[in-house]
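Chemist: Sequence plus predicted model, see below.
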Amino acid sequence: MAERVKACTICHGDAGRIEQHDYYPRIDGKPSGYLLNQLRNFRDGRRHYQPMAHLLENMSDDYLSEIAHYFATLSRPFPAPESIDMSPDEIKTAEQLIQAGNPAKAIPACSDCHGKNLMGTEPAIPGLLGLPRAYIAAQFGSWRNGGWMRGQSSDCMPEIAQKLTDNEVNAIAKWLATQPVSGKTNPIDIRSSELAHRCNHVPREDGMSQKLPTPLDSEQHLLGAYLTRAGNCMGCHTAPGGLPFAGGRQLSTSFGIFVTPNITPDKETGIGGWSEEDFWGALHQGKSRDGRLLYPAFPYTEYTKVTRQDANAIFAYLQALPAISQTNPPNQIRFPFNFRPLLAIWRALYFKEGVYTPDPTQNDEWNRGAYLVQGLGHCNACHTNRNAFGASEDSGLTGGQMMSANWYAPSLILPQEAGSGNWSVEEIIELLATGVSARATASGPMATIIRQSLQHLSTEDIRAMAVYLKSIAEDSTTRMPSVKSENRDDDLAQGRQLYEKHCQDCHGASGQGVPGIYPPLANNRSVLMASPLNAIHIVLNGGYPATTVENPRPYGMPPFQQILRNEEIALIVSFIRNAWGNKASRVNPAEVDRSRGKRS
């Protein structure tokens with residue numbers, strides 16, 4: 001397990017002890033329920049810290065629970081207390097608030113929740129000792145100001161923190177940091193689950209459950225649930241930490257921000273008043289119930305290929321879901337794109353309505369794969385290059401930067417990118433179903449698609465998609481132009497030194513990786529693509545491959561954005577793209593800087 005959680009210990013220190021930075025807390029020995037709740041909150045957007053969100057976005061509750069349990073059972077010596085000068089008044093203030101609180105201001109004692117010995121309480125409240133003063137003070141600042149690590153709105157800590165003065169916060173932080181922790185074990189108190197629940201600190205079912213609600217009223221509902229999963233409808237129509245299908249997810253594009261709508265059967269805020277014909281009009285024609293033309297951020301350009309029978313099944317399933325009353329904010333589209341009549345011109349130029357027509361020269365399996373890839377799977381919505389008007393510039397699947405994410409979706413045709421002409425069908429199946437294969441590891445938005453959608457498809461449908469993808473790659477005669485490396489020898493030498501220090505332990509001295517654990521970097525198509533964007537993202541943000549049924553405990557990649565400067569990341573990526581026979585363009589610090597802070 002220690003090897004699987006290296007992505008955590010790069011910031012929190014070996015064995016979960018703080019080493020790198022005062023603002024990364026010790027996590028070993030804390031209650032497992034607390035750690036699990038924190039991990040889920042970061043993943044689902046209830047706590048806001050981008051590096052953690054990136055790292056955890058494709059991990060299941062079961063795997064997070066296992067990681068939480070691992071760190072909770074570690075019991076290593078605590079660091080020595082900090083040496084901080086405190087005045088008698090500061091000591092008195094701190095001890096009063098920590099042991100007795102301030103009843104006049106309705107501030108409970110810290111020990112009421114965190115235990116008399118301040119080492120935490122089961123099931124899910126953390127200890128306060130063994131933490132740096134700077135970290136404790138920063139946490140209070142976040143609680144008080146709703147900052148970048150703010151917690152859930154219903155937690156009690158924001159209210160408590162608002163009542164404390166700056167002097168009181170500083171006194172508490174100093175006092176806690178100067179207290180010794182005796183022994184090697186953590187004497188955690190037991191508190192009632194009612195207290196923990198009132199403070200909103202017990203693990204609970206979250207809105208982003210990976211279990212798709214499945215009404216069992218009819219075979220049509222079951223088919224609709226399956227097709228909804230194939231189209232990844234819940235992935236787009238669910239906000240981070242939100243309720244399934246209630247909408248609210250924001251898609252940031254060059255035209256503005258599109259907000260996905262509520263598609264539960266609520267009559268006021270959802271599609272409860274829609275008919276089958278209305279729903280068919282949206283999928284097939286790109287028109288809303290009232291006849292308004294829809295923006296192609298909703299991929300009706302691909303969904304038009306879906307059959308009426310399948311569209312009816314999806315609608316029946318959505319109508320059988322629990323109705324959720326949720327009004328989402330409006331789109332924020334920039335002028336002149338917010339002038340909706342312009343859509344008629346766009347559609348005349350770039351939209352061709354029509355259900356998928358089977359190719360009579362191909363067998364049923366190939367046509368099923370083509371139907372899923374071209375239609376419900378809407379692969380071309382990402383894997384295409386788009387013009388200034390957001391329309392695909394070619395026949396599709398030739399790769400391009402994604403409109404709503406700062407990632408490059410590689411070509412599914414070109415062998416130098418993600419074309420699979422020289423892959424076996426079984427190798428393609430393995431990647432689509434598990435997210436990991438001997439040749440590649442899915443990352444970024446593709447890992448999310450595998451977790452939310454592809455891993456749940458039938459073996460027959462995954463095979464059909466693999467057969468189709470292999471055939472179009474084999475048929476392609478297009479080739480990527482060769483790239484001349486611009487790297488200087490001194491850059492490569494510096495990059496090699498950084499690689500040896502930070503990367504070599506996992507990926508090997510020759511970039512060979514470890515089969516099934518760490519992907520090879522030598523002759524890796526993700527590394528060698530003309531666009532270095534994905535390689536930069538992976539080094540910056542790290543992350544875990546999709547947690548799937550066939551790969552439930554993947555190994556993670558640590559994020560280095562907290563450890564390395566832009567110049568250093570540029571040198572590492574440039575070295576990787578030009579070592580062990582690799583040959584690709586140089587990465588400069590400006591490209592890394594543009595990638596920092598961008599949501600995947």
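Modeler: On my side now, so go ahead. Numbering: from 1, shown residues only.
Chemist: R553: neighbour count?
Modeler: For R553, the neighbour count with other CB atoms under 10 Å is 14. Just so you know, the C-beta spots here come from the backbone N, C-alpha and C atoms, and that holds for glycine as well.
Chemist: just D166 next, same as before
Modeler: What D166 shows, counting by other CB under 10 Å, is a neighbour count of 11.
Chemist: ditto for S87
Modeler: There are 10 residues near S87, going by other CB under 10 Å.
Chemist: what does G281 give?
Modeler: The tally of other residues near G281 (other CB under 10 Å) stands at 19.
Chemist: same thing with G516?
Modeler: Other residues near G516 come to 12 when the count uses other CB under 10 Å.
Chemist: Settle this for me: it is touching V436, isn't it.
Modeler: Yes - using CB atoms under 8 Å, G516 makes contact with V436 at a distance of 7.2 Å.
Chemist: what's the overlap in contacts for these two?
Modeler: The contact sets of G516 and V436 do not overlap (CB atoms under 8 Å, 6 or more residues apart in numbering).
Chemist: now the lengthiest helix in the chain: how far from the chain's centre is it?
Modeler: When the chain is parsed with DSSP state H, its longest helix is helix 459-475. In terms of CA atoms, centre = their mean, to the nearest Å, the gap separating the centre of helix 459-475 from the centre of its chain is 27 Å.
Chemist: Same question for stretch 218-236.
Modeler: Remark: stretch 218-236 is offset 22 Å from the chain centroid, using CA atoms, centre = their mean.
Chemist: moving C-terminal of the helix or strand of the chain with the lowest mean pLDDT, what's the next helix or strand?
Modeler: When the helices and strands of the chain are scored by mean pLDDT, DSSP states H and E, helix 193-198 comes last with a mean of 49. Downstream of helix 193-198, the first helix or strand assigned by DSSP states H and E is helix 219-230.
Chemist: Quick check: next helix or strand after that following helix?
Modeler: helix 233-236.
Chemist: Give me the helices and strands touching the very next helix or strand once past that following helix, please.
Modeler: The first helix or strand that comes after helix 233-236 along the chain, using DSSP H and E, is strand 250-253. Applying 3 or more CB pairs under 8 Å, 6 or more residues apart in numbering; DSSP states H and E, we find strand 250-253 packed against strand 256-259.
Chemist: mind running it again at 10 Å?
Modeler: When contacts are defined as 3 or more CB pairs under 10 Å, 6 or more residues apart in numbering; DSSP states H and E, strand 250-253 sits against strand 256-259, strand 332-333.
Chemist: what's the most buried one of these?
Modeler: strand 256-259 (a mean of 18; mean count of other CB atoms under 10 Å).
Chemist: Can I get whatever helix or strand comes next after that one in CSV, CA atoms only?
Modeler: Under the assignment DSSP H and E, the closest C-terminal helix or strand after strand 256-259 is helix 276-280. Taking C-alpha atoms only, helix 276-280 is exported to CSV below (Å, rounded to 0.1, in the frame of the first residue of the first chain):
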residue,chain,number,x,y,z
GLU,A,276,-41.0,11.8,-26.0
GLU,A,277,-41.2,14.0,-29.0
ASP,A,278,-39.7,16.9,-27.1
PHE,A,279,-36.7,14.8,-26.0
TRP,A,280,-36.3,13.4,-29.5
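Chemist: So for whichever helix or strand A173 is part of, what gets flagged as buried?
Modeler: Assigned by DSSP H and E, A173 belongs to helix 166-177. For helix 166-177, a neighbour-count test (16 or more other CB atoms under 10 Å) marks E168, V169, N170, A171, I172, A173, K174, W175, L176, A177 as buried.
Chemist: per-residue confidence averaged over it?
Modeler: In this model, helix 166-177 has an average pLDDT of 94.
Chemist: same for the longest helix of the chain, what does it pack against?
Modeler: On the basis of 3+ CB pairs under 10 Å, 6+ apart, helix 459-475 makes packing contacts with helix 219-230, helix 364-371, helix 425-434.
Chemist: Give me the buried positions along it.
Modeler: Buried residues in helix 459-475, counted by 16+ other CB under 10 Å: 461-473.
Chemist: so how far is the next helix or strand after that helix from its chain's centroid?
Modeler: Using DSSP H and E, the helix or strand that follows helix 459-475 towards the C-terminus is helix 489-502. With CA atoms, centre = their mean as the basis, helix 489-502 stands 30 Å off its chain's centre.
Chemist: residues of helix 489-502 that come out buried?
Modeler: D491, L492, Q494, G495, R496, L498, Y499, H502.
Chemist: among those, which one has the lowest pLDDT?
Modeler: For these, the least confident entry is D491, with 74.
Chemist: where along the protein do the strands fall?
Modeler: With strands called from DSSP state E, the chain shows them at 121-122, 189-190, 250-253, 256-259, 332-333, 400-401, 408-409.
Chemist: where are the low-confidence patches of the stretch 501-600 of the chain?
Modeler: Applying pLDDT under 70 to the stretch 501-600 of the chain flags the ranges 597-600.
Chemist: just the helices in it please.
Modeler: In the stretch 501-600 of the chain, the helices defined using DSSP state H, counting those that start in this stretch lie at 504-507, 525-528, 533-541, 566-576, 589-595.
Chemist: export these to JSON lines and tack on distance to S111?
Modeler: Listed next are those as JSON lines, based on distance: least, CB to CB, whole Å:
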{"stretch": "helix 504-507", "distance to S111": "42"}
{"stretch": "helix 525-528", "distance to S111": "51"}
{"stretch": "helix 533-541", "distance to S111": "38"}
{"stretch": "helix 566-576", "distance to S111": "44"}
{"stretch": "helix 589-595", "distance to S111": "45"}
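Chemist: Report the buried residues of stretch 93-107.
Modeler: T93, A94, L97, I98, G101, N102, I107.
Chemist: ok, now which ones touch the closest residue to the second one other than its chain neighbours?
Modeler: Translated: A94. Spatial nearest neighbour of A94, chain neighbours left out: W175 (3.5 Å); criterion: CB to CB, 6 or more residues apart in numbering. Contacts for W175 (CB atoms under 10 Å, 6 or more residues apart in numbering) come out as 84, 86, 90-95, 97-98, 110, 128, 133, 136.
Chemist: hang on, Q96 packs against E168?
Modeler: Yes - judged on CB atoms under 10 Å, Q96 makes contact with E168 at a distance of 9.3 Å.
Chemist: Are there residues contacting both of those two? Which ones?
Modeler: Common neighbours of Q96 and E168, counting by CB under 10 Å, 6+ apart, are N102.
Chemist: on that earlier part again, now the angle from the longest helix of the chain to helix 425-434?
Modeler: 120 degrees (axes from the mean of the first three to the mean of the last three CA atoms, to 10 degrees).
Chemist: most remote residue from this structure's center?
Modeler: Each residue of the chain has a distance to the centre, and by CA atoms, centre = their mean the biggest one is for P88: 47.6 Å.
Chemist: how about it, what does it touch?
Modeler: P88 touches nothing, counting by CB under 10 Å, 6+ apart.
Chemist: Tell me the confidence at it?
Modeler: So P88 comes in at 94 (pLDDT).
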